[in-house]
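Asks: Have a look at this prediction, sequence included:
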Amino acid sequence: MINAVVGVRCTDLVKRYGDVVAVDGLSLSVSRGECFGLLGPNGAGKTTTIEILEGLLEPDAGEVEILGLTWKGHERELRQRLGVQLQETQLADKLTVEETLRLFRSFYHRGRTIDELLRIVELESKRRSWVGKLSGGQKQRLAVACALAGDPDLLFMDEPTTGLDPQSRRQLWELLTHFRQQGGTILLTTHYMDEAETLCDRVAIVDHGKVIAQGAPRELISSLGAPRVVTHQGTLEDVFVALTGRHLREE
Amino acid sequence: MNERIDRGGSSHPLIELALARLREFGREPEAVFWTFIFPMIMSVTMALAFPGSGTKPAVVGIEPGVHAAAIRDTLAHAPGVTVRDIPAGDEARALREGEVHLLIVPTEPPVYRFDPARDESRVARLLVDNALKQASGRRDPWSAREEPVQIAGSRYVDWLIPGIVGLTIMGTSMWGIGFSIVQSRMRKLLKRLVASPMRKSEYLVAQVGGRMVLLAPEVAVPLLFGVFVLGMPIRGSLLSLSVVCLVGALAFGSLGLLLASRARTFEAISGMMNFAMVPMWILSGVFFSSSNFPEAMQPAIHALPLTALNNALRSIVLEGSPLRGVAGELAVLGAWGIGGFALALRIFRWR
């Protein structure tokens, strides 16, 4: 019987690149309808983890279950039900917004119309513009529209707002919030505290390929206790500092 | 599942992928320019270098000497011979650089200096020898009646144009496909595509298939140029010619996929493309017949896809061969196409 409650579950994931252990025994569980954040500094293993969950990388060890299914034997079905936004993808510069969406929409057996997608990401006025002429925020919204083309049950977003101006970030947050309200499940990675606090029901703080803390953002912050947070309201940054002695954005 | 597929107004992924490829190409003015202009420039250059009608005269040099004037007068009336005085000390240079094909030392009897390995020099020797001996009173037992014929399609340019068509098909198919794939890989677009439900084989088929649309104009440019500007005849059917071009383009498209299947940079793909194509420029009979190479190399040369394509094109264009007549060449091209595609699909790097 397919587990209808599980959005994403993985246990004891390990991924090595030569001597470097990128993911070191990582386990997570995300329920359907939840927005879950992987929070951590650059190089913590967030992207490797999300790419394993997306079925793009083979883990060296560990189990992955997506929407109650394993990648092996269910790849075609799963791909129809997932939306994916990768960190570094540059869509073709010389295609228009509409042509790009048409291309991605053609891969799905069901989903939204091009007009709906354009409206959701507010790119109707850019329909006939070349992708190369879009601003960073517009490109990112187009990437989200491509991810939403098949009306997915589960959305993977790898650092969706990195490099965006504050207004574009807010626009993208609203988009993701709207997707949540429609019953969708989201797994995202970020190194922005405010993003995790605003969007996520629960977060896992990842460092050196391991989950070092997990829970609702408020819970994690209040678990620090009063003495640590004297001068300002606590944030997830304080949680990370308390756990590792380092700052999240340290390079 | 019998669920009806709803693509939300989009066409089949194969069509959308091929359209995307064509749009990107069409919006790149430089790519369009070079694809169509290059074969034309090449045809004109070759036509200038090897004029089709009229024979080139044999150029004969005469060293200074007592009998130089007499020999010059005799040869001045000989057909097909141009005489040039060569100052003493300049002989070796004039011969080496091909300024003269034959050098006469005006002694009694004269001395001929020439390189017997050069065809022009051997011809010049025969013409000069004949003219000088006749002038000295030689009587020929009989003279053959000569019937000069001008056969359209037998000139060098006629032979050359199908080779340039073959070269164009190879070059545009391989560069066009190779570069766009490497670019998509560098931009991580391939990775994004495999994260969608796109079928990998459909992507590869669309890359090769998209190019087929461009094939007609690419091939038409050098052919029309050959027919209308250089007067090349096309003896075979246009249908057979189209089939050969199509099979050739599929074969080279698959090879383009194969070469691009793992390359991550433009430098890598350029190196591999040149490594694969330059030997064929030389071996496969584009500018000169591949029969010039030793017998032992012939089986390998005939197994090359460009040799098969050029031979098939020439059979159809110049000899009017039916498709049946080029079945062997089509089989060679088909093998490269199918083998290349199958291997590319196996080893293709999507990340």
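Replies: Okay, I see it.

Asks: Helices of the chain, start to end?
Replies: Just so you know, I chose chain A. When assigned using DSSP state H, the helices of chain A occupy the ranges A:46-53, A:75-81, A:97-106, A:114-120, A:136-148, A:166-181, A:193-199, A:217-222, A:236-244.

Asks: Can you look at chain B instead?
Replies: For chain B, applying DSSP H gives helices covering B:13-26, B:29-49, B:68-76, B:91-96, B:119-135, B:156-186, B:189-194, B:200-224, B:238-260, B:266-283, B:298-303, B:305-319, B:327-347.

Asks: Same list (those helices) but as CSV, adding mean pLDDT, distance to chain A and mean neighbour count.
Replies: (Glycine included, C-beta is placed from N, CA and C.) Converted to CSV, the helices of chain B look like this (pLDDT from 0 to 100; distance: least, Cβ to the nearest Cβ, whole Å; neighbours: other Cβ atoms under 10 Å in any protein chain shown):
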stretch, mean pLDDT, distance to chain A, mean neighbour count
helix B:13-26, 93, 4, 20
helix B:29-49, 77, 11, 15
helix B:68-76, 88, 65, 16
helix B:91-96, 86, 53, 14
helix B:119-135, 89, 52, 17
helix B:156-186, 91, 8, 23
helix B:189-194, 96, 4, 20
helix B:200-224, 90, 9, 19
helix B:238-260, 96, 16, 24
helix B:266-283, 94, 15, 15
helix B:298-303, 95, 37, 13
helix B:305-319, 95, 30, 25
helix B:327-347, 96, 16, 17
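
Asks: now the ones you listed in JSON lines, with distance to residue A:127?
Replies: JSON lines is the format used below for the helices of chain B (distance: least, Cβ to Cβ, whole Å):
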{"stretch": "helix B:13-26", "distance to residue A:127": "15"}
{"stretch": "helix B:29-49", "distance to residue A:127": "24"}
{"stretch": "helix B:68-76", "distance to residue A:127": "79"}
{"stretch": "helix B:91-96", "distance to residue A:127": "68"}
{"stretch": "helix B:119-135", "distance to residue A:127": "66"}
{"stretch": "helix B:156-186", "distance to residue A:127": "23"}
{"stretch": "helix B:189-194", "distance to residue A:127": "21"}
{"stretch": "helix B:200-224", "distance to residue A:127": "23"}
{"stretch": "helix B:238-260", "distance to residue A:127": "32"}
{"stretch": "helix B:266-283", "distance to residue A:127": "32"}
{"stretch": "helix B:298-303", "distance to residue A:127": "51"}
{"stretch": "helix B:305-319", "distance to residue A:127": "43"}
{"stretch": "helix B:327-347", "distance to residue A:127": "35"}
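
Asks: Please name the residues that touch residue A:184.
Replies: A:33, A:152, A:153, A:154, A:155 (Cβ atoms under 8 Å, 6 or more residues apart in numbering or on different chains).

Asks: For the second one, which non-adjacent residue is closest in space?
Replies: When the adjacent residues along the chain are set aside, residue A:152 lies closest to residue A:83, with 3.6 Å between them (Cβ to Cβ, 6 or more residues apart in numbering or on different chains).

Asks: what about the one you found, neighbour count?
Replies: 26 (other Cβ atoms under 10 Å in any protein chain shown).

Asks: give me every residue that touches it.
Replies: A:147, A:148, A:149, A:150, A:152, A:154, A:155, A:156.

Asks: Name the member of those with the most neighbours.
Replies: If you rank the contacts of residue A:83 by neighbour count (other Cβ under 10 Å), residue A:149 sits at the top with 29 neighbours.

Asks: Could you check the pLDDT of that one?
Replies: Confidence at residue A:149, expressed as pLDDT, is 95.

Asks: Quick check: residues of chain A near chain B?
Replies: The interface of chain A toward chain B, taken as Cβ under 8 Å from any Cβ of the partner chain, is made up of A:54-56, A:76, A:79-80, A:82, A:84, A:86, A:88-92, A:94-95, A:99, A:102-114, A:130, A:146, A:149-150.

Asks: what about 6 Å?
Replies: Of all the residues in chain A, those in contact range of chain B (Cβ under 6 Å from any Cβ of the partner chain) are A:54, A:56, A:79-80, A:84, A:86, A:88-90, A:92, A:94-95, A:102-103, A:105-107, A:109-111, A:113-114.

Asks: hmm, which of those are the buried ones?
Replies: Buried members of those, counted by 16 or more other Cβ atoms under 10 Å in any protein chain shown: A:54, A:56, A:79-80, A:84, A:86, A:89-90, A:92, A:94-95, A:102-103, A:105-107, A:111, A:113-114.

Asks: Going by neighbour count, list what's buried in stretch B:95-112.
Replies: By neighbour count, with 16+ other Cβ under 10 Å as the criterion, the buried positions of stretch B:95-112 are B:95, B:100, B:101, B:102, B:103, B:104, B:105, B:106, B:110, B:112.

Asks: ok, the fourth one - contacts?
Replies: Just to be clear, that refers to residue B:102. Neighbour list for residue B:102: B:60, B:114, B:121, B:124, B:125 [criterion: Cβ atoms under 6 Å, 6 or more residues apart in numbering or on different chains].

Asks: Of all the helices and strands in chain A, which has the lowest average confidence?
Replies: Ranked by mean pLDDT, DSSP states H and E, the weakest helix or strand in chain A is helix A:236-244, scoring a mean of 78.
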